[in-house]
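A.B. asks: sequence-free structure coming up:
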């Protein structure tokens, strides 16, 4: 998404490249937006069931994951500062921490989902059928939205890993770092989505 | 910048540049926006012929009541695939993919779009989407849900919903990336001196369209994923047995698919806004009004989707809100029509082929638009919802709108694109034949709808027989017209009389100031703009 | 063309912002202990929106960027809200 155009560096347009990633971020907001509409509609229809079903989620894990993503947003933002200060070492460390935090998030998710599945709760499971419509819809949204979000974390990790390599190879430098900034923007988007997912699924108890 | 100047500088047309590649590779690996435009044109032509054949099969089935060629299941699959092809593979990529790609950079004084490789990638995934649609034709057979894929049937049908849904998803991505590319191009690559209000109207419509592509398409993307989740996992979003609401599917689907029609029509209107001043030899009337009405249509059009759902069971509040908004969105469209007519008034009209298409566009579009008000009004819609009236309405406005504008554009920009001339007599014959066939094909459907003939049925009551015969005959005439046009254009593109004339029509925009055909990077030097566009004085 | 690529946000600023975000997170968790009934959702969304605005403004640099990005972002958010509101013209009145 952040390809520089053309063939000479003086034609490179970082501002345009940044505009490109912002436009892509807008599409992602609408993409998840459809699911937020769905959440709003079904929560409105089954307020009690959603309230009860949310109690089956572990607020502590959710909070930890929220904290993890917020810290990772800070570290990737700091990485842009570091590269602007020509501090390649710090840049690499900060990007590395971001990646590690992302991985921890995914591991937490894996255990969270695993726990649910072990208790018989997964999309379309017979237990959900028994529990009723409100529970089915809550967990349909829970798995679908956190699953889609996790997919975006994975994509973000790949993007950030590529950026890490490019910083190491000196292809991203203090006067050519739009790719890093764009990767950071994408990562903040992933954080933003979670900022809304967290209260809507974990804090409606 | 005359052609003799560029010849002396070693001018080479973009068609002669091969980037060191041979054969098909110089096409499918090229990031030149002009070649990509032609890639889209050729693939879309292929899809259009397939879609048209499917339409013809439907008309042949409907020439008489009862089974003529096929049973209900085959008919359902036919209209579904016809719709999927025409919507997702033809009219949504439509003018932006072909003429937007070719003309946008040139019209704003740029060498290419902002992300040329992303542009080529958009075409690749366009092809991939088409392949997925083809895959859905085998095995359990193509979907029979209609192109609208309504739940719950779309997750219960035994036919190949998943490849079709995935195909539509991928095609949506192609559309998003094209819109993104064009928006950044327009923001960042306008020539020095080309302020926003000196930019021609076709790029303005591409700008508005780009925003709709960006903000509406993702919603259908997620909806299709949700249907996939329903089919694969039984997740419960739209299944009433699990608490889901099929109406929510309709909301989410139309939140995209209504704005989608503005993706289709805005660039078409942009092309008409280019053609009319040129053939009236007169400055466009109300340039700013057209710009603001373009943006108004894009914006208001985002909030009218419920008018596809009046009979579905929505609340009364939703009914009147959507109807009110629907009437509002008609206003900016009408403004454009006034401006086009006012441009022609006291102009010096030359009735060339592009003008014939643009003028007949206005006529057909008006009928399509006015019948849209019948549908937008709650009381009358109840009577004609899901009848042939709706089919007539959207073919008038989409096929009539986008189709006529597309034909107008290809005849307008033909020599610039191919460096050759077509035969104008054959083109005019094709136009009138097509026009008569078009009205004959779709006109009777208004009557049939009011009389109660349902849409998407392979059979009908005897009392509807007469107008159906007229309609089918109209189809045959229209297809004849289309073939005349197609053969004329294809023959001329390959072997027509060559031309290097830079400005055959006396147009004012930048594309008429570059060589015919343009060189690879369009301009030897990026021009500096001082006067407003469309100025004839 | 603005010099956003030259504007450097200090590590300290980012760290303070993180602190603020963590405080807001803690608040939203703590608030669930209070019986707010109908207001619970609104409070949760307000807190989430505040956190988002901070992320957008500082981490995502909107505060320091050209106005056009702020305008576009606000526009997109308003469109999403409008879609939800219009959808509830149906669901809120069934």
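C.D. replies: Arrived safely. Just so we're clear, the structure is a prediction, and the values are computed from it rather than from any experiment.
A.B. asks: so what's the residue count around the closest residue to residue C:62 other than its chain neighbours?
C.D. replies: In space, residue C:62 comes closest to residue C:56 once its chain neighbours are excluded; the distance is 5.0 Å by Cβ to Cβ, 6 or more residues apart in numbering or on different chains. Using the backbone N, CA and C atoms, a C-beta is placed for each residue, glycine as well. Counted with other Cβ atoms under 10 Å in any protein chain shown, residues neighbouring residue C:56 total 21.
A.B. asks: and residue C:56, that one's in a strand?
C.D. replies: No - under DSSP: H, G, I helix; E, B strand; the rest coil, residue C:56 sits outside any strand and is assigned helix.
A.B. asks: isn't it up against residue C:64?
C.D. replies: No - contact criterion Cβ atoms under 8 Å: residue C:56 and residue C:64 do not qualify, at 11.7 Å.
A.B. asks: can you map out the helices along the chain?
C.D. replies: This is for chain A. A:14-45, A:47-54, A:59-84, A:88-118, A:126-131, A:133-168, A:178-202 (DSSP state H).
A.B. asks: I was thinking of chain C, sorry if that wasn't clear
C.D. replies: Per DSSP H, chain C carries helices over the ranges C:11-31, C:39-54, C:67-91.
A.B. asks: for the helices of chain A, which one sits closest to residue B:420?
C.D. replies: Each of the helices of chain A was scored for nearness to residue B:420 using Cβ to Cβ, and the closest is helix A:14-45 (35.2 Å).
A.B. asks: buried stuff in the closest one?
C.D. replies: Neighbour-count burial for helix A:14-45, with 16 or more other Cβ atoms under 10 Å in any protein chain shown as criterion, is recorded at A:14-43, A:45.
A.B. asks: show me what it is packed up against.
C.D. replies: Contacts defined by 3 or more Cβ pairs under 8 Å, 6 or more residues apart in numbering or on different chains; DSSP states H and E place helix A:14-45 against helix A:133-168, helix A:178-202, helix B:161-188, helix B:201-233, helix B:246-280, helix C:67-91.
A.B. asks: next, format those helices as TSV and append mean pLDDT and mean neighbour count.
C.D. replies: Shown next, in TSV, are those (pLDDT from 0 to 100; neighbours: other Cβ atoms under 10 Å in any protein chain shown):
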stretch	mean pLDDT	mean neighbour count
helix A:133-168	97	20
helix A:178-202	97	24
helix B:161-188	97	24
helix B:201-233	97	25
helix B:246-280	97	26
helix C:67-91	97	17
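A.B. asks: can you name the next helix or strand after the helix or strand hosting residue B:73?
C.D. replies: Assigned by DSSP states H and E, residue B:73 falls within helix B:72-84. Beyond helix B:72-84 on the C-terminal side, the first helix or strand identified by DSSP H and E is helix B:94-95.
A.B. asks: so which elements touch whichever helix or strand comes after that next one?
C.D. replies: Following helix B:94-95 in sequence order, the next helix or strand is helix B:101-107 (DSSP H and E). Using 3+ Cβ pairs under 8 Å, 6+ apart as the contact test, the elements touching helix B:101-107 are helix B:33-61, helix B:161-188, helix B:201-233, helix B:404-418.
A.B. asks: recalculate using a threshold of 7 Å.
C.D. replies: helix B:33-61, helix B:161-188, helix B:201-233 (3 or more Cβ pairs under 7 Å, 6 or more residues apart in numbering or on different chains; DSSP states H and E).
A.B. asks: right, is the shortest one up against chain A?
C.D. replies: It stands for helix B:161-188. Yes - judged by Cβ under 7 Å from any Cβ of the partner chain, helix B:161-188 and chain A are in contact via B:176, B:180, B:183, B:184, B:187, B:188.
A.B. asks: looking at chain B, which residue is nearest chain A?
C.D. replies: Nearest to chain A, among the residues of chain B, is residue B:243, at 2.7 Å (Cβ to the nearest Cβ).
A.B. asks: residues contacting that residue?
C.D. replies: Applying Cβ atoms under 7 Å, 6 or more residues apart in numbering or on different chains to residue B:243 gives the contacts A:133, A:134, A:136, A:137, B:236.
A.B. asks: looking at these, spot the one nearest residue B:435.
C.D. replies: Closest approach to residue B:435 among these (Cβ to Cβ): residue B:236, at 49.7 Å.
A.B. asks: tell me how far residue A:64 lies from chain B.
C.D. replies: 27 Å (Cβ to the nearest Cβ, to the nearest Å).
A.B. asks: how about the contacts made by that residue?
C.D. replies: Counting by Cβ under 7 Å, 6+ apart, residue A:64 has contacts residue A:108.
A.B. asks: how close does the residue nearest to residue C:62 sit to residue B:428?
C.D. replies: Using Cβ to Cβ, to the nearest Å, one obtains 56 Å as the distance from residue C:56 to residue B:428.
A.B. asks: buried residues in stretch B:362-372?
C.D. replies: B:362, B:364, B:365, B:366, B:367, B:368, B:369, B:371, B:372.
A.B. asks: counting only helices, which of those residues make the cut?
C.D. replies: Short answer: these in helices (DSSP H) are B:362, B:364, B:365, B:366, B:367, B:368, B:369, B:371, B:372.
A.B. asks: can I get those residues in JSON lines with pLDDT and distance to chain C?
C.D. replies: As requested, those are exported to JSON lines (pLDDT from 0 to 100; distance: Cβ to the nearest Cβ, whole Å):
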{"residue": "B:362", "pLDDT": "97", "distance to chain C": "31"}
{"residue": "B:364", "pLDDT": "97", "distance to chain C": "31"}
{"residue": "B:365", "pLDDT": "96", "distance to chain C": "27"}
{"residue": "B:366", "pLDDT": "95", "distance to chain C": "28"}
{"residue": "B:367", "pLDDT": "96", "distance to chain C": "29"}
{"residue": "B:368", "pLDDT": "96", "distance to chain C": "25"}
{"residue": "B:369", "pLDDT": "94", "distance to chain C": "23"}
{"residue": "B:371", "pLDDT": "97", "distance to chain C": "24"}
{"residue": "B:372", "pLDDT": "96", "distance to chain C": "19"}
